[in-house]
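> for reference, the sequence and a predicted model appear below.
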Amino acid sequence: MTCIVGLVHKETKKVIMGADSAGVADSFISIRKDTKIFRNGEFIIGCTSSFRMIQLLQFSFKPVLNEKEIFEYMCTDFIEGVRNCFKDGGFMQKGKQGEDLGGQFLVGFKDRLFNVNEDFQVEETLNGIDAIGCGCEFALGALHVCDANLLPEERVLKALRTAELFSTGVRGPFNICSTYSSEINQII
């Protein structure tokens with residue numbers, strides 16, 4: 001289920017993120033009123049995996065900022081805060097080898113875009129674009145070929161609409177958020 005798309009706009013050095021509204025279970029789909037992207041302090045976060053995870057990251061997770069280099073901070077203090085939030089919220093799962101597992105989500109912070117995987121590894125792409133969820137391949141392809149002269153919000157929307165066209169688990173309305181605005185815009 002889902003498609004979350006993020007890009008770093010090179011000119012403004014801001015992160016723009018978009019998400020669909022589908023909740024999918026087997027062959028059932030519902031269009032959710034609650035959003036898969038949200039602001040949490042200085043962060044924008046877009047999630048797949050579980051709506052419970054989204055709720056914990058949105059309402060219970062309180063990231064504590066410090067002066068570490070951003071990637072080091074994301075891999076250490078940020079992730080430890082997420083892990084503790086998941087444990088306290090009863091969401092932490094155990095893998096086949098007994099390892100802790102969470103879910104997958106994108107994080108926009110300052111002028112950087114990170115992908116947090118279910119094993120809590122943090123990745124950052126060289127090209128400043130990323131997508132997660134069942135529509136991610138379609139969205140990444142659309143972002144790659146989309147006219148770079150378009151507004152970044154338009155590029156994200158085109159990627160989401162492409163994923164909706166080709167993936168059965170992606171549906172609008174779409175929500176778009178950025179690190180330079182406190183608003184989440186819904187586009188039908």
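Sure thing, it's come through.

> which parts of this protein are helices?
Counting by DSSP state H, one finds helices in the chain at the ranges 51-55, 70-73, 79-88, 136-145, 152-166.

> neighbours of residue 68, how many?
For residue 68, the neighbour count with other CB atoms under 10 Å is 13. Yep, even glycine has a C-beta here, placed from its N, CA and C like the rest.

> contacting residues around it?
Shown in contact with residue 68 (CB atoms under 8 Å, 6 or more residues apart in numbering): 76-77.

> what does the pLDDT read for it?
Residue 68 is assigned a pLDDT of 96 by the prediction.

> how far away is it from residue 74?
Going from residue 68 to residue 74 by CB to CB, to the nearest Å gives 9 Å.

> tell me the residue furthest from the middle of this protein?
Distance from the C-alpha centroid of the chain, by CA atoms, centre = their mean, peaks at residue 97 (26.6 Å).

> figure out which of the helices of the chain is closest to residue 17.
Of all the helices of the chain, it is helix 152-166 that lies closest to residue 17, at 7.1 Å by CB to CB.

> list the contacts of that closest one.
3, 5-7, 9, 12, 14, 16-20, 131, 133, 135-136, 138-143, 146-148, 150, 170-172, 174, 176, 178, 185, 187.

> the nearest residue to residue 18 once chain neighbours are set aside: neighbouring residues, count only.
Residue nearest to residue 18 in three dimensions, not counting chain neighbours: residue 156, with 4.0 Å by CB to CB, 6 or more residues apart in numbering. Look at residue 156: counted by other CB under 10 Å, it has 31 neighbours.

> ditto for residue 95
Other residues near residue 95 number 10, with proximity taken as other CB under 10 Å.

> all strands of the chain, in order?
Using DSSP state E, the strands of the chain run over 4-9, 14-19, 22-25, 28-31, 37-40, 43-47, 93-94, 100-101, 105-109, 112-116, 122-123, 129-132, 174-178, 185-187.

> return the residues in contact with residue 62.
Residues near residue 62 by CB under 8 Å, 6+ apart: 41, 81.

> in the protein, which ranges drop under the pLDDT threshold?
188 (pLDDT under 70).

> who does the most centrally placed residue in it bridge with?
The residue lying closest to the centre of the chain (CA atoms, centre = their mean) is residue 46, at 2.5 Å. Listed by DSSP bridges, the beta-bridge partners for residue 46 are residue 37, residue 106.

> do I have it right that it meets residue 6?
Yes: taking contacts as CB atoms under 8 Å, residue 46 lies within contact range of residue 6: 6.5 Å.

> quick one on the thing from earlier: any chance of the helices of the chain in TSV, plus distance to residue 121?
Formatted as TSV, these follow (distance: least, CB to CB, whole Å):
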stretch	distance to residue 121
helix 51-55	16
helix 70-73	12
helix 79-88	9
helix 136-145	17
helix 152-166	24
